[in-house]
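S.K.: Mind looking at a prediction? Sequence and model below.
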Amino acid sequence: MELNFNTCYQAVKHRDSRFDGLFFMGVVSTGIFCRPVCPAVTPKPGNCRFYASASSALAAGFRPCLRCRPETAPDSPAWNGVRTTVKRALDLIDLGALDAGTVNGLAERLGVSDRYLRRLFTRYVGASPQSVARTRRALIARRLIFDSTDSMTSIAHKAGFRSVRQFNDTFHKVYGTSPSALRRQHTLDPEKNEKTAF
């Protein structure tokens, strides 16, 4: 990637997050390299050198900044590691990891603490692991209600709910109605229900 000095310097000066991970700035006067979004005082242009990767800044003799932590920039191994952890967690939840298990157990499988996993979900998913699992169960149950003649007890079990009470409570929270009422509504007007249930 060919870097334009003026463009890079303006990005650093304005701490433009659009450039985060696209280049790194080495500061000759300190021997440190930073991300464009670093909160430190912007150095003079004559002290700046720009690099397309953290590796090239390291190879040029610069040390990573302790404030902006270049190793956590987008598309860095650490950043990708976070993204991978969240994706693995979502995949495991989709396979039913929280139907009978706990968030703590899920975190252990991923090699992180449950507190850290909850924090990742809040930041990257916008919902807790349990909330994601609850929504997944509700969507599976909704499909079974519409596409089968199974009893509500059987549907609750197949969708991963621990009890019929949990099944009913979740439905009221997600759909504002009971599973039985949703089935009756679908039976009366399936086309309208398909369009509005989500």
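M.R.: Noted; the coordinates are in hand. Numbers count the residues shown, from 1 in each chain.

S.K.: Which residue lies nearest the spatial centre of this structure?
M.R.: Tyr124 (2.9 Å; Cα atoms, centre = their mean).

S.K.: contact partners of stretch 86-103?
M.R.: 105-106, 109-110, 114, 117-118, 120-121, 124-125, 128-130, 132-133, 136-137, 160-162 (Cβ atoms under 8 Å, 6 or more residues apart in numbering). Heads up, the C-betas are built off the backbone N, CA and C, glycines and all.

S.K.: ranges for the helices of this structure?
M.R.: In the chain, the helices defined using DSSP state H lie at 5-13, 54-59, 77-94, 97-100, 103-110, 114-124, 129-147, 152-158, 164-175, 179-188, 190-196.

S.K.: Now the ones you listed in TSV, please, with extra columns for distance to Gly31 and mean pLDDT.
M.R.: Shown next, in TSV, are the helices of the chain (distance: least, Cβ to Cβ, whole Å; pLDDT from 0 to 100):
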stretch	distance to Gly31	mean pLDDT
helix 5-13	17	95
helix 54-59	11	85
helix 77-94	22	82
helix 97-100	46	88
helix 103-110	37	92
helix 114-124	32	89
helix 129-147	42	89
helix 152-158	61	92
helix 164-175	55	87
helix 179-188	64	84
helix 190-196	61	48
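
S.K.: Gly46: which of those helices is closest?
M.R.: Across the helices of the chain, Gly46 has its closest neighbour in helix 5-13 (10.6 Å, Cβ to Cβ).

S.K.: Next, the buried residues of the closest one.
M.R.: For helix 5-13, burial by neighbour count (16 or more other Cβ atoms under 10 Å) applies to Cys8, Tyr9, Ala11, Val12.

S.K.: list the helices and strands it packs on?
M.R.: Of the remaining helices and strands, those touching helix 5-13 by 3 or more Cβ pairs under 8 Å, 6 or more residues apart in numbering; DSSP states H and E are strand 48-51.
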